[in-house]
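1. Show me how the following folds:
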Amino acid sequence: MQYFALLISREPNLTPDERAEMMAAFEGFHAKAGPAILAGDALLPAATSVRIAGGPDAPVITDGPFAEGAEVACGYYVFEAENLDEALTLARGVPVAQYGAVDVRPTVHPFEPARRPNGNDWLALLLEPPESAHTPGTPEWDALAARHAEFAAAAGDHVVGGAALHDRSTATTVRVRDGEVLVTDGPYAEGAEVANGFYILSAADRDGAVKIASMIPASAVELRHLAGVSGL
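-> A predicted model of the protein is given here:
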């Protein structure tokens, strides 16, 4: 199975030495996790993010950041794991789990990127009110899936990859504090909207990314520029 892991933390103001230490920690995690990591990257600061609401017919574009609290999404991974326990074992090894959290959610279908992300790629996190997040296999889900197929066809090569996520009830949040692993059922944030899917989009600049993301059939999309530092 595949699992989407959203990394959440405060945005640190690091010295060059601290940044080098953090990068070394992530390199160590990558070496340990090996082929279980299918994709992943850091996100540029939340202040550079864009929120697109209103749907494709009447998009409303707002500059970020948008988080109500002090912690925001700072990166992501897609893991290949036999089961949830194996995915959580991977998640607790992510350096961010030591001071933030990792929100793990199974994907509905495999994530199959067309290529490795590069410096012109963006994470589009799809957000929905809980009551609008339909269950896979229902007529409502199938109707929305057809709209996503239309979006993918229209966006063409600008879609690098993506996947729908199972209902928020399947989410598990992992934290590590003083060597103790803390596992909580449910998504990290209990807000008015929850993530139910994602795309990796290719665009030359912010305006191009916003134009593509505005076509996505979702109640809201949080668009974040990938940092291009993972080496994956």
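
2. Phi, psi for D142 please.
-> For D142, the backbone dihedrals (degrees, to the nearest 10) come out as phi -60, psi -40.

3. Could you do G162 as well?
-> Torsion angles at G162 (phi, psi; degrees, to the nearest 10) stand at phi 170, psi 170.

4. Point out where this structure drops to low pLDDT.
-> Residue ranges of the chain with pLDDT under 70: 65-70, 188-192, 230-232.

5. That one: helices as residue ranges?
-> Along the chain, the segments classed as helices by DSSP state H run 16-33, 84-92, 139-155, 206-213.

6. Specify the stretch among these that is closest to L44.
-> Between L44 and these, the shortest separation by CB to CB is 10.6 Å, and it involves helix 206-213. Just so you know, the C-beta spots here come from the backbone N, C-alpha and C atoms, and that holds for glycine as well.

7. Enumerate the positions of the closest one that are buried.
-> By neighbour count on 16 or more other CB atoms under 10 Å, the buried set for helix 206-213 is 209-213.

8. neighbours of A149, just the number please.
-> When neighbours are defined as other CB atoms under 10 Å, A149 has 11 of them.

9. what about it, distance to G28?
-> Counting by CB to CB, to the nearest Å, the gap from A149 to G28 is 40 Å.

10. Also V174?
-> Separation of V174 from G28 (CB to CB): 18 Å.

11. buried set for stretch 138-145?
-> 144-145.

12. An error on my part: the question was meant for stretch 150-162.
-> Using 16+ other CB under 10 Å as the burial criterion, the residues of stretch 150-162 that qualify are 151, 155, 158-162.

13. just curious, which of those is nearest to A36?
-> Once CB to CB is applied, the member of these that ends up nearest A36 is G161, at 17.1 Å.

14. Tell me which residues touch the closest one, please.
-> Neighbour list for G161: 39, 111-114, 199-200 [criterion: CB atoms under 8 Å, 6 or more residues apart in numbering].

15. repeat that with 7 Å
-> With contacts defined as CB atoms under 7 Å, 6 or more residues apart in numbering, G161 is in contact with 111-114, 200.

16. Ok, A114 next?
-> Residues near A114 by CB under 7 Å, 6+ apart: 160-161.
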